[in-house]
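Visitor: the amino acid sequence is not available; the structure is as follows:
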């Protein structure tokens, strides 16, 4: 076998003519292990033409985009391909729903390809040059499905510069050529961080060529009826079938490991290296410590690792609260100030001033849009911070450091991060669940986050504790945070024994990526993609809810007022609250004011104090005198509704406030991440749980 | 001896994987199998270990590391 081919030669030289022919919209699947640079490559290929979606029937998020390149034909028309970034996996023998999505997608492509004469898709397998043996094993499994394959070789810069890499000081182009020759399929050397020099056009050429004339990976028998050229024979593997027979799997895996070893030998002979070089046995006798090893002596140190992790989480907490707060405030002022004034002025010109249309547009729609916009800074900050942690390589270390803490809940160590961030704001915390590698763990964490007491709830605690327990307000507030932690732990244990019995903390086995400097362009694109997804998918629900709330507030019950000009107590909103109030009586706060405040709290906890003030027809506490007035009213109505046990009723109210739905934005984000069914189930469970806890607190408290 | 009992930096050979079969299988797919050569590069909290295998670094929790048997590699010369 000749070793002198260039990386793309196996296909490009044979199908250059075919590559000029117009192609249909080709589907390209990106497959690779975790942290091999797959998402960086996806961003480089799609640019801004990408969006996120959930895999059908799952809560597994997929990034999908359009990969456009200039065609080689004289007309110069662009060629477009649909590209999907599949979840990272070490193996097609899936151990999680995320990995199953990858396996299913590959098998589906193989099935469709067999049923049609055309080749509807190509799989780009991303090989990590720093861990070729592991990557080649996955490539072998993909090849067995019989789909057309192109290899994208990444991390070459790290592999050829790391002091302990088997490929250290090897010429990247030579290595890619040697691999292409050995594998018999195109191997494109990628530097996705550098779009101009990164091999994007070469990859496009290889993908289009392979779509026209698929080749098989040398030495791998693809599935029955595979269409690829040069198939050595039919294989019996079906990775989408149940794989309970571990003995048989092990036997087959050994055959694949042998193939990997064979590839290693072939590549080494091409590179004229002493054998073997790529496999585990190639580990040098004396370990040469890398830069990452030296950093890890601090970041993973038994004593320093946990404080560093907590410091990182604290920083995230600060960024999503204090840093984002001024931006949120500025947006809020802009929307409710000049923008609202401009819309009002415009409506006045159209003769609609002071009408219900103005109320709908300004107090409903614009308030809804403003709410979505005010969340943008906090979401952008969270996504950017997570991106930095992920791209730098620290997130994998964080999972390792916090693993022990989350093990009792059956969660990955990374779950601790969003749970702590939830004490600042639940919304970015929910967004942060995306860093968890398994869908069921993401869902469980997403169900627990609403139980973390966000800072918006603090304003209500302060009001209630000051009004009912003026001498022990601090202790009461501290007790609420303690209750929140206990609810997360108790809720987690309860869910693990009921709806999440399948979630368990298996052995922690993770390949640690090397530390890298995050790439700003990739980071910016990732933030834009995720913030865009939030605006489009969660924003719609938030705006719609705000409009519904406005409608309830604008419609009079008595008929003595016109639509849009209704005192709160005559509104449909207040009427609904009055209907709910009796249900809250067992918890001691079955009064209209508390029910209306909790309904408002469903929209946002920040406005609960304002709702109390509005319904008691007093101003919000701006001065000590006015605060006293609101506190006095609260004490009176809670004492009336609780039979003289106002303190117990106030505690029960705070517990209810802590345990029920955090806000409509969090609900919309849950729906975006997990779908309607889990969101509605969670909403029901939160309301039922909050009611039970509040009743328990009041019934016990009123008897003490 | 087991991984947590191994000194930092020593060259080791994996001689036993006493994990559940499915876990040992996945570990094998990731690159840690019987006979694999490794170095312990970092001791982490709660018995966790980071080991170097063929240029990669694997993080293993304390419980898992304790189920991996290793022996020191003795080389001639």
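Guide: Cool, the structure landed. Owing to the predicted nature of the structure, the values given are computational and were not obtained by experimental measurement.
Visitor: how about the strands in the chain?
Guide: By default, I'm working from chain A. A:26-32, A:50-54, A:61-70, A:78-85, A:121-128, A:149-154, A:187-189, A:509-512 (DSSP state E).
Visitor: that's the other chain; I wanted chain B
Guide: B:11-17, B:37-43, B:49-53, B:56-60, B:68-72.
Visitor: hmm, the fourth one touching chain A?
Guide: Yes. Residues of strand B:56-60 are located near chain A by CB under 8 Å from any CB of the partner chain, namely B:56, B:57, B:58, B:59, B:60. For every residue, glycine as well, the C-beta is placed using N, CA and C.
Visitor: just give me the neighbour total for residue A:200.
Guide: 21 (other CB atoms under 10 Å in any protein chain shown).
Visitor: ok, and the closest non-adjacent residue to residue B:17?
Guide: residue B:24 (4.2 Å; CB to CB, 6 or more residues apart in numbering or on different chains).
Visitor: show me the domain layout of chain A.
Guide: Domain ranges of chain A: A:10-270, A:298-449+A:505-538, per automatic domain parsing.
Visitor: measure stretch A:119-133 end to end?
Guide: Separation of the first and last residues of stretch A:119-133 by CA to CA, to the nearest Å is 29 Å.
Visitor: hang on, I meant stretch B:42-62
Guide: For stretch B:42-62, the first-to-last residue distance is 12 Å (CA to CA).
Visitor: where does the stretch 551-700 of chain A have low pLDDT?
Guide: A:617-628 (pLDDT under 70).
Visitor: where do the helices of it begin and end?
Guide: According to DSSP state H, counting those that start in this stretch, the stretch 551-700 of chain A carries its helices in the segments A:572-584, A:592-603, A:608-615, A:624-641, A:646-659, A:664-674, A:676-701.
Visitor: of those, which is nearest residue A:151?
Guide: helix A:664-674 (32.7 Å; CB to CB).
Visitor: next one: that closest one to chain centre, how far?
Guide: Distance of helix A:664-674 from the chain centroid (CA atoms, centre = their mean, to the nearest Å) equals 12 Å.
Visitor: contact partners of that helix?
Guide: Residues from elsewhere that reach helix A:664-674 (CB atoms under 8 Å, 6 or more residues apart in numbering or on different chains): A:59, A:61, A:371-372, A:375, A:426-427, A:430-431, A:433-434, A:442-443, A:446, A:449-450, A:533-534, A:537-542, A:545-546, A:602-604, A:661, A:678-679, A:682-683.
Visitor: now the residues you listed: which count as buried?
Guide: A:59, A:61, A:371-372, A:375, A:426-427, A:430-431, A:433-434, A:442-443, A:446, A:449-450, A:533-534, A:537-539, A:541-542, A:545-546, A:602-604, A:661, A:678-679, A:682-683 (16 or more other CB atoms under 10 Å in any protein chain shown).
Visitor: okay, the angle between the helix or strand of chain B with the lowest mean pLDDT and strand B:11-17?
Guide: Counting by mean pLDDT, DSSP states H and E, the weakest-scoring helix or strand in chain B turns out to be helix B:21-30, with a mean of 90. Here helix B:21-30 points in a direction 150 degrees away from that of strand B:11-17 (axes from the mean of the first three to the mean of the last three CA atoms, to 10 degrees).
Visitor: okay, buried residues for stretch A:326-341 please.
Guide: A:328, A:331, A:335, A:339, A:340.
Visitor: so which of those belong to helices?
Guide: In this view, the buried residues of stretch A:326-341 that belong to helices under DSSP state H are A:328, A:331, A:340.
Visitor: and the second one, how far from residue A:355?
Guide: Taken as CB to CB, to the nearest Å, the spacing of residue A:331 relative to residue A:355 amounts to 27 Å.
Visitor: where does chain B have low pLDDT?
Guide: Looking at chain B by pLDDT under 70, you get B:75-77.
Visitor: rerun at 80
Guide: B:74-77 (pLDDT under 80).
Visitor: centroid residue for chain A?
Guide: residue A:434 (2.4 Å; CA atoms, centre = their mean).
Visitor: quick check, that residue in contact with residue A:442.
Guide: Yes. Between residue A:434 and residue A:442 there is a contact under CB atoms under 8 Å: 7.1 Å.
Visitor: and the pLDDT at residue A:141?
Guide: The model reports residue A:141 with a pLDDT of 93.
Visitor: identify the residues contacting residue A:463.
Guide: With CB under 8 Å, 6+ apart, residue A:463 has these contacts: A:609, A:612, A:621, A:630, A:631, A:634.
Visitor: repeat for residue A:689
Guide: For residue A:689, counting by CB under 8 Å, 6+ apart, the contacting residues are A:491, A:659, A:660.
Visitor: closest to chain B among those?
Guide: residue A:491 (24.2 Å; CB to the nearest CB).
Visitor: residues contacting the closest one?
Guide: A:447, A:448, A:451, A:689.
Visitor: do you know the pLDDT at it?
Guide: For residue A:491, pLDDT reads 93.
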